[in-house]
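Undergrad: based on what follows, work out the 3D shape:
(one chain, ligands or ions: 1)
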Amino acid sequence: MGTYNSFQVQQQQVLEAAKLLNLDKATTELLLWPQREFKVTIPVRLDSGEVQIFHGYRIQHNYARGPAKGGIRFHPDETVDTIRALAGWMTWKTAVVDLPLGGAKGGVVCNPRVMSQRELEQIARGYIRAIAHSIGIAKDVPAPDVYTNPQTMAWMMDEYETIQGIHEPGVLTDKPRQIGGTEGRRDATARGGVISVREACAHQGVDPRGTYAIQGFGNAGQRAALLHREILGGGTLVAVCDSRTGLHNPKGMNPKDLVTYKLTRGSLEGFPGGKMIPRDDVLKLDVDILYPAALENAINESNAHDIKARIICELANGPTTPEADLILYKKGIHVIPDILASAGGVTVSYFEMVQDQYSYFWDETVVHERLDAKITAGSRAVYEAVQEKKVHPRLGAMVVAVARVAEACKLRGWV
Ligand code: GLU
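TA: All right, here's what the predicted structure looks like:
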(Lines give C-alpha, C1' and ligand atoms only; values in the text may rest on other atoms or scores of the structure.)
Protein backbone atom coordinates (compact mmCIF):
# COMPACT_ATOMS: atom_id res chain seq x y z
CA MET A 1 0.00 0.00 0.00
CA GLY A 2 1.15 3.55 -0.50
CA THR A 3 3.80 4.30 -3.08
CA TYR A 4 6.21 1.64 -1.82
CA ASN A 5 6.40 -1.87 -3.11
CA SER A 6 6.65 -3.74 0.20
CA PHE A 7 7.84 -6.89 -1.55
CA GLN A 8 10.89 -5.10 -2.94
CA VAL A 9 11.55 -3.61 0.51
CA GLN A 10 11.41 -7.09 2.05
CA GLN A 11 13.70 -8.54 -0.65
CA GLN A 12 16.19 -5.74 -0.04
CA GLN A 13 16.29 -6.66 3.65
CA VAL A 14 16.96 -10.30 2.73
CA LEU A 15 19.79 -9.25 0.41
CA GLU A 16 21.45 -7.14 3.11
CA ALA A 17 21.28 -9.98 5.66
CA ALA A 18 22.48 -12.55 3.09
CA LYS A 19 25.48 -10.36 2.32
CA LEU A 20 26.45 -10.07 5.98
CA LEU A 21 26.12 -13.84 6.32
CA ASN A 22 28.07 -14.52 3.10
CA LEU A 23 25.26 -16.72 1.78
CA ASP A 24 25.81 -18.30 -1.63
CA LYS A 25 23.83 -17.20 -4.68
CA ALA A 26 21.40 -20.14 -4.77
CA THR A 27 20.45 -19.86 -1.08
CA THR A 28 19.93 -16.13 -1.42
CA GLU A 29 17.76 -16.59 -4.53
CA LEU A 30 15.67 -19.24 -2.76
CA LEU A 31 15.02 -16.96 0.22
CA LEU A 32 14.10 -14.01 -2.00
CA TRP A 33 11.03 -15.72 -3.48
CA PRO A 34 7.88 -17.40 -2.15
CA GLN A 35 7.97 -21.17 -2.54
CA ARG A 36 4.25 -21.39 -3.49
CA GLU A 37 1.58 -18.90 -4.53
CA PHE A 38 -2.15 -19.40 -4.98
CA LYS A 39 -4.47 -16.92 -6.67
CA VAL A 40 -8.19 -17.62 -6.36
CA THR A 41 -11.57 -16.13 -7.26
CA ILE A 42 -14.48 -16.20 -4.84
CA PRO A 43 -18.02 -15.67 -6.17
CA VAL A 44 -20.33 -14.24 -3.48
CA ARG A 45 -24.04 -13.44 -3.68
CA LEU A 46 -24.36 -10.03 -2.04
CA ASP A 47 -27.36 -8.98 0.07
CA SER A 48 -28.60 -7.06 -2.98
CA GLY A 49 -29.01 -10.37 -4.84
CA GLU A 50 -26.17 -9.59 -7.24
CA VAL A 51 -23.12 -11.90 -7.50
CA GLN A 52 -19.69 -10.29 -7.08
CA ILE A 53 -16.35 -12.00 -7.80
CA PHE A 54 -13.70 -11.34 -5.15
CA HIS A 55 -10.00 -11.99 -5.69
CA GLY A 56 -7.94 -13.78 -3.06
CA TYR A 57 -4.38 -14.96 -2.50
CA ARG A 58 -2.48 -17.37 -0.29
CA ILE A 59 1.27 -17.19 -0.50
CA GLN A 60 3.63 -19.61 1.26
CA HIS A 61 7.00 -17.95 1.37
CA ASN A 62 9.13 -20.64 3.00
CA TYR A 63 8.39 -23.90 4.82
CA ALA A 64 11.87 -25.29 5.47
CA ARG A 65 11.47 -24.96 9.27
CA GLY A 66 7.87 -26.25 9.49
CA PRO A 67 4.34 -25.67 8.16
CA ALA A 68 3.84 -22.20 6.69
CA LYS A 69 2.05 -19.82 9.07
CA GLY A 70 0.50 -16.38 8.83
CA GLY A 71 -2.65 -14.30 8.78
CA ILE A 72 -5.40 -13.54 6.27
CA ARG A 73 -6.30 -9.91 5.53
CA PHE A 74 -9.55 -8.53 4.17
CA HIS A 75 -8.56 -5.16 2.72
CA PRO A 76 -9.62 -3.08 -0.30
CA ASP A 77 -6.01 -2.14 -1.21
CA GLU A 78 -4.59 -5.65 -1.01
CA THR A 79 -2.16 -6.58 -3.78
CA VAL A 80 -0.19 -9.68 -4.61
CA ASP A 81 3.05 -7.92 -3.73
CA THR A 82 1.88 -6.82 -0.27
CA ILE A 83 0.93 -10.42 0.45
CA ARG A 84 4.30 -11.64 -0.87
CA ALA A 85 6.13 -9.20 1.38
CA LEU A 86 4.04 -10.06 4.41
CA ALA A 87 4.49 -13.80 3.77
CA GLY A 88 8.25 -13.27 3.76
CA TRP A 89 8.10 -11.27 6.97
CA MET A 90 6.25 -14.21 8.56
CA THR A 91 9.14 -16.52 7.63
CA TRP A 92 11.57 -14.15 9.36
CA LYS A 93 9.21 -13.57 12.30
CA THR A 94 8.76 -17.27 13.12
CA ALA A 95 12.52 -17.83 12.72
CA VAL A 96 13.59 -14.93 14.95
CA VAL A 97 11.63 -16.34 17.90
CA ASP A 98 12.65 -19.87 16.90
CA LEU A 99 9.24 -21.44 16.22
CA PRO A 100 9.16 -24.66 14.16
CA LEU A 101 7.16 -22.91 11.43
CA GLY A 102 7.57 -21.26 8.05
CA GLY A 103 5.92 -18.11 6.74
CA ALA A 104 2.75 -17.40 4.74
CA LYS A 105 0.12 -14.71 4.26
CA GLY A 106 -3.26 -14.51 2.59
CA GLY A 107 -5.68 -11.84 1.60
CA VAL A 108 -8.98 -11.09 -0.06
CA VAL A 109 -9.49 -7.79 -1.85
CA CYS A 110 -12.69 -6.48 -0.27
CA ASN A 111 -13.94 -3.70 1.97
CA PRO A 112 -15.31 -5.20 5.20
CA ARG A 113 -16.53 -1.77 6.34
CA VAL A 114 -19.28 -1.76 3.74
CA MET A 115 -20.20 -5.44 3.95
CA SER A 116 -22.74 -7.25 6.11
CA GLN A 117 -21.81 -10.14 8.42
CA ARG A 118 -23.53 -12.54 6.04
CA GLU A 119 -21.48 -11.28 3.10
CA LEU A 120 -18.25 -11.55 5.12
CA GLU A 121 -19.12 -15.10 6.13
CA GLN A 122 -19.63 -15.99 2.46
CA ILE A 123 -16.22 -14.51 1.59
CA ALA A 124 -14.56 -16.41 4.47
CA ARG A 125 -16.15 -19.73 3.48
CA GLY A 126 -15.56 -19.19 -0.25
CA TYR A 127 -11.91 -18.37 0.35
CA ILE A 128 -11.42 -21.59 2.34
CA ARG A 129 -13.19 -23.66 -0.34
CA ALA A 130 -10.74 -22.21 -2.86
CA ILE A 131 -7.58 -22.94 -0.83
CA ALA A 132 -8.69 -25.96 1.27
CA HIS A 133 -6.29 -28.36 -0.39
CA SER A 134 -3.28 -26.11 0.12
CA ILE A 135 -3.71 -25.60 3.89
CA GLY A 136 -3.67 -28.00 6.87
CA ILE A 137 -1.86 -28.56 10.18
CA ALA A 138 1.10 -30.08 8.35
CA LYS A 139 1.05 -27.64 5.39
CA ASP A 140 -0.04 -24.11 6.17
CA VAL A 141 -1.99 -22.70 9.13
CA PRO A 142 -3.75 -19.32 8.66
CA ALA A 143 -4.79 -16.84 11.39
CA PRO A 144 -6.44 -13.40 11.52
CA ASP A 145 -4.79 -10.19 10.38
CA VAL A 146 -6.10 -6.78 9.30
CA TYR A 147 -9.96 -6.75 9.39
CA THR A 148 -10.33 -10.46 10.22
CA ASN A 149 -10.94 -11.88 13.70
CA PRO A 150 -11.81 -15.02 15.72
CA GLN A 151 -15.32 -15.11 14.21
CA THR A 152 -13.77 -15.18 10.72
CA MET A 153 -11.55 -18.07 11.89
CA ALA A 154 -14.58 -19.92 13.30
CA TRP A 155 -16.37 -19.79 9.92
CA MET A 156 -13.19 -20.77 8.11
CA MET A 157 -12.48 -23.71 10.42
CA ASP A 158 -16.07 -24.91 10.05
CA GLU A 159 -15.82 -24.76 6.26
CA TYR A 160 -12.49 -26.63 6.27
CA GLU A 161 -13.78 -29.36 8.61
CA THR A 162 -16.94 -29.74 6.53
CA ILE A 163 -14.87 -30.24 3.37
CA GLN A 164 -12.48 -32.71 5.05
CA GLY A 165 -15.15 -34.50 7.09
CA ILE A 166 -12.97 -34.49 10.21
CA HIS A 167 -12.39 -32.45 13.34
CA GLU A 168 -9.15 -30.53 12.86
CA PRO A 169 -9.22 -27.25 14.80
CA GLY A 170 -5.46 -26.70 14.51
CA VAL A 171 -5.87 -25.80 10.81
CA LEU A 172 -6.40 -22.16 11.82
CA THR A 173 -5.42 -20.22 14.93
CA ASP A 174 -6.87 -17.40 17.03
CA LYS A 175 -10.22 -19.18 17.13
CA PRO A 176 -12.78 -18.52 19.86
CA ARG A 177 -11.88 -20.45 23.03
CA GLN A 178 -14.97 -22.72 22.85
CA ILE A 179 -13.91 -24.27 19.56
CA GLY A 180 -10.20 -24.90 20.07
CA GLY A 181 -8.79 -21.43 20.70
CA THR A 182 -6.15 -20.87 23.35
CA GLU A 183 -6.04 -18.63 26.38
CA GLY A 184 -3.95 -15.55 25.83
CA ARG A 185 -4.14 -15.29 22.01
CA ARG A 186 -6.17 -12.07 21.73
CA ASP A 187 -3.61 -9.91 23.51
CA ALA A 188 -0.57 -11.92 22.39
CA THR A 189 0.77 -9.53 19.72
CA ALA A 190 0.61 -6.57 22.08
CA ARG A 191 1.97 -8.58 25.02
CA GLY A 192 4.93 -9.73 22.93
CA GLY A 193 5.49 -6.13 21.82
CA VAL A 194 5.53 -4.79 25.36
CA ILE A 195 7.92 -7.57 26.44
CA SER A 196 10.20 -6.57 23.54
CA VAL A 197 10.03 -2.97 24.85
CA ARG A 198 11.09 -4.19 28.28
CA GLU A 199 14.13 -5.92 26.72
CA ALA A 200 14.95 -2.91 24.52
CA CYS A 201 14.75 -0.53 27.50
CA ALA A 202 17.15 -2.76 29.46
CA HIS A 203 19.51 -2.83 26.48
CA GLN A 204 19.29 0.94 25.88
CA GLY A 205 19.15 2.04 29.52
CA VAL A 206 15.75 3.77 29.07
CA ASP A 207 13.19 3.89 31.92
CA PRO A 208 10.13 2.05 30.54
CA ARG A 209 7.73 3.91 32.83
CA GLY A 210 7.83 7.26 30.99
CA THR A 211 5.45 8.45 28.25
CA TYR A 212 4.04 6.42 25.37
CA ALA A 213 1.92 6.97 22.26
CA ILE A 214 -0.01 4.56 20.05
CA GLN A 215 -0.70 4.99 16.33
CA GLY A 216 -3.55 2.69 15.28
CA PHE A 217 -6.24 1.53 17.69
CA GLY A 218 -7.30 -1.89 16.43
CA ASN A 219 -6.76 -5.07 18.42
CA ALA A 220 -2.96 -4.71 18.82
CA GLY A 221 -3.05 -0.98 19.65
CA GLN A 222 -5.83 -1.31 22.22
CA ARG A 223 -4.15 -4.21 24.01
CA ALA A 224 -0.77 -2.46 24.00
CA ALA A 225 -2.38 0.59 25.62
CA LEU A 226 -3.52 -1.60 28.51
CA LEU A 227 -0.57 -4.00 28.78
CA HIS A 228 2.14 -1.34 28.66
CA ARG A 229 1.36 -0.24 32.21
CA GLU A 230 0.62 -3.75 33.46
CA ILE A 231 3.88 -5.31 32.25
CA LEU A 232 6.24 -2.36 32.67
CA GLY A 233 4.82 -1.22 35.99
CA GLY A 234 3.85 2.29 34.85
CA GLY A 235 3.78 4.72 31.94
CA THR A 236 1.67 7.66 30.76
CA LEU A 237 -0.35 7.27 27.55
CA VAL A 238 -0.18 10.78 26.07
CA ALA A 239 -1.46 10.24 22.52
CA VAL A 240 -3.39 7.77 20.43
CA CYS A 241 -5.08 7.71 17.01
CA ASP A 242 -7.31 5.43 14.97
CA SER A 243 -7.94 5.63 11.22
CA ARG A 244 -10.03 8.81 11.69
CA THR A 245 -9.02 10.71 14.83
CA GLY A 246 -5.92 11.68 16.81
CA LEU A 247 -6.06 12.45 20.55
CA HIS A 248 -3.49 14.11 22.80
CA ASN A 249 -3.26 14.78 26.53
CA PRO A 250 0.19 15.50 28.04
CA LYS A 251 -1.17 14.55 31.48
CA GLY A 252 -2.13 11.11 30.20
CA MET A 253 -5.32 9.31 29.19
CA ASN A 254 -6.86 6.28 30.82
CA PRO A 255 -6.25 3.29 28.50
CA LYS A 256 -9.31 1.41 29.81
CA ASP A 257 -11.63 4.37 29.12
CA LEU A 258 -10.17 4.75 25.61
CA VAL A 259 -10.70 1.09 24.79
CA THR A 260 -14.26 1.09 26.14
CA TYR A 261 -15.03 4.28 24.18
CA LYS A 262 -13.58 2.85 20.96
CA LEU A 263 -15.40 -0.47 21.35
CA THR A 264 -18.78 1.11 22.07
CA ARG A 265 -18.62 3.95 19.51
CA GLY A 266 -16.44 2.35 16.85
CA SER A 267 -14.17 5.43 16.81
CA LEU A 268 -12.13 7.68 19.11
CA GLU A 269 -13.91 10.79 17.86
CA GLY A 270 -15.28 12.92 20.70
CA PHE A 271 -13.40 11.15 23.51
CA PRO A 272 -13.63 13.60 26.43
CA GLY A 273 -10.21 12.87 28.00
CA GLY A 274 -8.01 14.38 25.26
CA LYS A 275 -7.65 17.16 22.67
CA MET A 276 -8.19 16.31 19.00
CA ILE A 277 -5.01 16.52 16.89
CA PRO A 278 -4.21 15.46 13.30
CA ARG A 279 -3.66 11.68 13.20
CA ASP A 280 -0.11 11.91 11.85
CA ASP A 281 0.94 14.18 14.75
CA VAL A 282 0.70 11.22 17.11
CA LEU A 283 3.90 9.94 15.50
CA LYS A 284 5.75 13.21 16.04
CA LEU A 285 5.35 13.76 19.78
CA ASP A 286 8.24 13.74 22.22
CA VAL A 287 7.61 10.40 23.95
CA ASP A 288 9.76 7.59 25.33
CA ILE A 289 7.98 4.77 23.53
CA LEU A 290 6.01 4.94 20.27
CA TYR A 291 3.92 2.01 19.05
CA PRO A 292 3.03 2.10 15.33
CA ALA A 293 0.12 -0.37 15.28
CA ALA A 294 -1.67 0.37 11.99
CA LEU A 295 -0.60 -0.46 8.42
CA GLU A 296 2.58 -0.51 6.31
CA ASN A 297 4.68 2.59 5.55
CA ALA A 298 3.18 4.84 8.25
CA ILE A 299 6.67 6.12 9.09
CA ASN A 300 8.22 7.38 5.88
CA GLU A 301 10.50 10.04 4.41
CA SER A 302 7.87 12.75 4.94
CA ASN A 303 7.54 12.35 8.72
CA ALA A 304 10.65 10.46 9.95
CA HIS A 305 12.62 13.68 10.48
CA ASP A 306 9.96 14.89 12.94
CA ILE A 307 9.90 11.75 15.09
CA LYS A 308 11.19 12.32 18.60
CA ALA A 309 10.45 9.02 20.33
CA ARG A 310 13.34 7.22 22.05
CA ILE A 311 12.15 3.70 21.24
CA ILE A 312 9.78 2.60 18.47
CA CYS A 313 8.02 -0.73 18.89
CA GLU A 314 6.69 -1.92 15.52
CA LEU A 315 3.45 -3.70 16.36
CA ALA A 316 2.27 -3.34 12.76
CA ASN A 317 3.87 -5.25 9.91
CA GLY A 318 6.25 -3.08 7.86
CA PRO A 319 5.32 0.34 9.33
CA THR A 320 8.71 1.96 8.53
CA THR A 321 10.02 2.51 4.99
CA PRO A 322 13.74 1.89 4.30
CA GLU A 323 14.40 5.65 3.88
CA ALA A 324 12.71 6.37 7.20
CA ASP A 325 14.69 3.57 8.79
CA LEU A 326 17.95 5.27 7.88
CA ILE A 327 16.74 8.65 9.11
CA LEU A 328 15.67 7.15 12.46
CA TYR A 329 18.97 5.29 12.79
CA LYS A 330 20.94 8.49 12.21
CA LYS A 331 18.81 10.27 14.80
CA GLY A 332 19.72 7.56 17.32
CA ILE A 333 16.15 6.28 17.65
CA HIS A 334 16.01 2.63 18.63
CA VAL A 335 13.55 0.70 16.41
CA ILE A 336 12.41 -2.73 17.63
CA PRO A 337 11.71 -4.33 14.25
CA ASP A 338 8.29 -5.77 13.39
CA ILE A 339 9.60 -9.32 12.98
CA LEU A 340 10.51 -9.28 16.67
CA ALA A 341 8.12 -6.69 18.15
CA SER A 342 5.00 -8.25 16.62
CA ALA A 343 6.04 -11.91 16.96
CA GLY A 344 3.87 -12.49 20.05
CA GLY A 345 0.76 -13.22 17.97
CA VAL A 346 2.25 -16.01 15.94
CA THR A 347 4.05 -17.37 19.01
CA VAL A 348 0.76 -17.92 20.84
CA SER A 349 -0.74 -19.18 17.56
CA TYR A 350 1.93 -21.84 17.64
CA PHE A 351 0.95 -22.67 21.24
CA GLU A 352 -2.65 -22.95 20.02
CA MET A 353 -1.63 -25.41 17.27
CA VAL A 354 0.24 -27.52 19.83
CA GLN A 355 -2.70 -27.58 22.25
CA ASP A 356 -5.19 -28.37 19.46
CA GLN A 357 -3.11 -31.31 18.33
CA TYR A 358 -3.03 -32.98 21.72
CA SER A 359 -6.43 -31.63 22.68
CA TYR A 360 -5.31 -30.46 26.10
CA PHE A 361 -5.34 -26.80 27.03
CA TRP A 362 -3.02 -24.70 29.15
CA ASP A 363 -3.82 -22.05 31.75
CA GLU A 364 -3.37 -18.42 30.80
CA THR A 365 -0.34 -18.09 33.11
CA VAL A 366 1.44 -20.93 31.26
CA VAL A 367 0.79 -19.19 27.92
CA HIS A 368 2.08 -15.88 29.29
CA GLU A 369 5.25 -17.43 30.74
CA ARG A 370 6.08 -19.35 27.58
CA LEU A 371 5.42 -16.28 25.42
CA ASP A 372 7.70 -14.18 27.61
CA ALA A 373 10.45 -16.81 27.32
CA LYS A 374 10.22 -16.83 23.49
CA ILE A 375 10.26 -13.04 23.07
CA THR A 376 13.05 -12.61 25.63
CA ALA A 377 15.22 -15.23 23.92
CA GLY A 378 14.47 -13.70 20.49
CA SER A 379 15.37 -10.20 21.75
CA ARG A 380 18.65 -11.42 23.22
CA ALA A 381 19.60 -13.21 20.00
CA VAL A 382 18.88 -10.00 18.07
CA TYR A 383 20.98 -7.80 20.40
CA GLU A 384 23.85 -10.28 20.17
CA ALA A 385 23.73 -10.03 16.36
CA VAL A 386 23.50 -6.22 16.62
CA GLN A 387 26.68 -6.17 18.67
CA GLU A 388 28.54 -8.78 16.65
CA LYS A 389 27.75 -7.35 13.20
CA LYS A 390 27.56 -3.68 14.29
CA VAL A 391 24.20 -3.16 12.61
CA HIS A 392 20.83 -1.65 13.57
CA PRO A 393 18.23 -3.95 15.20
CA ARG A 394 16.22 -4.57 12.00
CA LEU A 395 19.24 -5.91 10.21
CA GLY A 396 20.32 -7.75 13.38
CA ALA A 397 16.93 -9.49 13.50
CA MET A 398 17.11 -10.33 9.79
CA VAL A 399 20.58 -11.80 10.26
CA VAL A 400 19.33 -14.10 13.04
CA ALA A 401 16.25 -15.15 11.03
CA VAL A 402 17.89 -15.55 7.63
CA ALA A 403 20.74 -17.62 9.14
CA ARG A 404 18.23 -20.00 10.75
CA VAL A 405 16.13 -20.46 7.62
CA ALA A 406 19.21 -20.82 5.38
CA GLU A 407 20.53 -23.54 7.68
CA ALA A 408 17.22 -25.43 7.49
CA CYS A 409 17.27 -25.21 3.67
CA LYS A 410 20.84 -26.53 3.61
CA LEU A 411 20.13 -29.39 6.04
CA ARG A 412 17.25 -30.48 3.80
CA GLY A 413 19.63 -30.55 0.86
CA TRP A 414 17.74 -27.85 -1.06
CA VAL A 415 20.80 -25.69 -1.64
N1 GLU B 1 -1.33 -11.96 11.57
C2 GLU B 1 -0.40 -12.09 12.65
C3 GLU B 1 1.00 -11.67 12.24
O4 GLU B 1 1.18 -10.96 11.29
C5 GLU B 1 -0.44 -13.48 13.28
C6 GLU B 1 -0.09 -14.60 12.38
C7 GLU B 1 -0.36 -15.96 12.99
O8 GLU B 1 -0.73 -16.03 14.14
O9 GLU B 1 -0.20 -16.93 12.25
O10 GLU B 1 1.96 -11.98 12.90
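Undergrad: what does the stretch 1-150 of the chain put close to the ligand?
TA: Within the stretch 1-150 of the chain, the residues that sit near the ligand (C-beta under 6 Å from any ligand atom) are 69-71, 93, 143, 145. Every residue, glycine included, has its C-beta placed from N, CA and C.
Undergrad: so which elements touch the lengthiest strand in the chain?
TA: Longest strand in the chain, counting residues (DSSP state E): strand 51-62. Packing partners of strand 51-62 (3 or more C-beta pairs under 8 Å, 6 or more residues apart in numbering; DSSP states H and E): strand 36-45, strand 68-74, helix 80-96, strand 103-108, helix 117-131, strand 140-144.
Undergrad: list the buried ones in that strand?
TA: Across strand 51-62, burial judged by 16 or more other C-beta atoms under 10 Å covers 54, 56-62.
Undergrad: adding pLDDT and distance to residue 333, write those out as CSV.
TA: Formatted as CSV, those follow (pLDDT from 0 to 100; distance: C-beta to C-beta, whole Å):
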residue, pLDDT, distance to residue 333
54, 98, 40
56, 98, 37
57, 98, 34
58, 98, 35
59, 98, 32
60, 98, 34
61, 98, 29
62, 98, 30
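Undergrad: ok, what's across the strand from residue 55?
TA: Going by DSSP bridges, residue 55 is paired in beta bridges with residue 41.
Undergrad: ok, now residue 299?
TA: In beta-bridge terms (that is, DSSP bridges), residue 299 pairs with residue 320.
Undergrad: so what's it up against?
TA: For residue 299, the contact set (C-beta atoms under 8 Å, 6 or more residues apart in numbering) comprises 283, 292, 307, 312, 319-321, 324, 328.
Undergrad: the stretch 201-350 of the chain against the ligand: which residues are in contact?
TA: Going by C-beta under 6 Å from any ligand atom, the residues of the stretch 201-350 of the chain near the ligand are 317, 342, 345-346, 349.
Undergrad: buried among those? Make that a ChimeraX selection.
TA: To isolate the buried ones among these in ChimeraX, judged by 16+ other C-beta under 10 Å, type:
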select :317,342,345,346,349
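Undergrad: tell me where the stretch 151-300 of the chain has helices.
TA: 188-204, 219-232, 255-265 (DSSP state H, counting those that start in this stretch).
Undergrad: same list, those, but as JSON lines with mean pLDDT please.
TA: Listed next are the helices of the stretch 151-300 of the chain as JSON lines, based on pLDDT from 0 to 100:
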{"stretch": "helix 188-204", "mean pLDDT": "97"}
{"stretch": "helix 219-232", "mean pLDDT": "96"}
{"stretch": "helix 255-265", "mean pLDDT": "97"}
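Undergrad: looking at those helices, which is buried most?
TA: Mean neighbour count (mean count of other C-beta atoms under 10 Å) peaks for helix 188-204 among those, with a mean of 24.
Undergrad: quick one, it and helix 219-232 angle?
TA: 50 degrees (axes from the mean of the first three to the mean of the last three C-alpha atoms, to 10 degrees).
Undergrad: other SSEs contacting helix 188-204?
TA: helix 219-232, strand 311-313, strand 334-336, helix 338-341, helix 344-358, helix 364-389.
Undergrad: just name the most buried of those.
TA: helix 338-341 (a mean of 29).
Undergrad: nearest spatial neighbour of the residue of the chain found nearest the ligand, chain-adjacent residues omitted?
TA: As assessed by C-beta to the nearest ligand atom, the ligand sits closest to residue 71 within the chain, at 2.7 Å. With sequence-adjacent residues excluded and distances taken as C-beta to C-beta, 6 or more residues apart in numbering, residue 71 is closest to residue 145, at 2.9 Å.
Undergrad: hmm, that neighbour is touching residue 105, no?
TA: Yes - Residue 145 lies in contact with residue 105 (C-beta atoms under 8 Å); the separation is 7.3 Å.
Undergrad: now do the shared contacts for those two.
TA: With C-beta under 8 Å, 6+ apart as the test, residue 145 and residue 105 both reach 70-73, 86.
Undergrad: re earlier: out of the helices and strands packed on helix 188-204, which comes closest to residue 114?
TA: Nearest of these to residue 114, taken as C-beta to C-beta: helix 219-232 at 20.5 Å.
Undergrad: kindly calculate the angle that the closest one makes with strand 140-144.
TA: Calculated by the same axes, to 10 degrees, helix 219-232 forms an angle of 80 degrees with strand 140-144.
Undergrad: who does helix 219-232 touch, helix- and strand-wise?
TA: helix 188-204, strand 211-215, strand 236-241, helix 255-265, strand 289-292.
Undergrad: among these, which is nearest residue 398?
TA: Minimum separation from residue 398 across the helices and strands packed on helix 219-232 (C-beta to C-beta) falls at helix 188-204, 15.5 Å.
Undergrad: need the contacts of residue 299 in a markdown table (columns: pLDDT and distance to residue 202).
TA: Formatted as a markdown table, the contacts of residue 299 follow (pLDDT from 0 to 100; distance: C-beta to C-beta, whole Å):
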| residue | pLDDT | distance to residue 202 |
| --- | --- | --- |
| 283 | 96 | 25 |
| 292 | 97 | 21 |
| 307 | 97 | 22 |
| 312 | 98 | 16 |
| 319 | 93 | 23 |
| 320 | 93 | 22 |
| 321 | 90 | 28 |
| 324 | 94 | 25 |
| 328 | 96 | 20 |
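Undergrad: out of these, which comes closest to residue 220?
TA: residue 292 (9.9 Å).
Undergrad: for that closest one, which non-adjacent residue is spatially closest?
TA: residue 319 (3.9 Å).
Undergrad: for the one you found, list the residues it contacts.
TA: If you count contacts by C-beta under 8 Å, 6+ apart, residue 319 has them with 292, 294-299, 338.
Undergrad: ok, now residue 238?
TA: 211-213, 248-253, 285, 287.
Undergrad: swap in residue 56?
TA: Contacts of residue 56 (C-beta under 8 Å, 6+ apart): 39-42, 106-109, 127, 130-131.
Undergrad: that older thread, just name the most buried of the helices and strands packed on strand 51-62.
TA: Highest mean neighbour count among the helices and strands packed on strand 51-62 (mean count of other C-beta under 10 Å): strand 103-108, a mean of 30.
Undergrad: who touches that strand?
TA: Strand 103-108 has contacts (C-beta under 8 Å, 6+ apart) with 42, 54-63, 68-75, 78, 82-84, 86-94, 123, 127, 131, 140, 142, 145.
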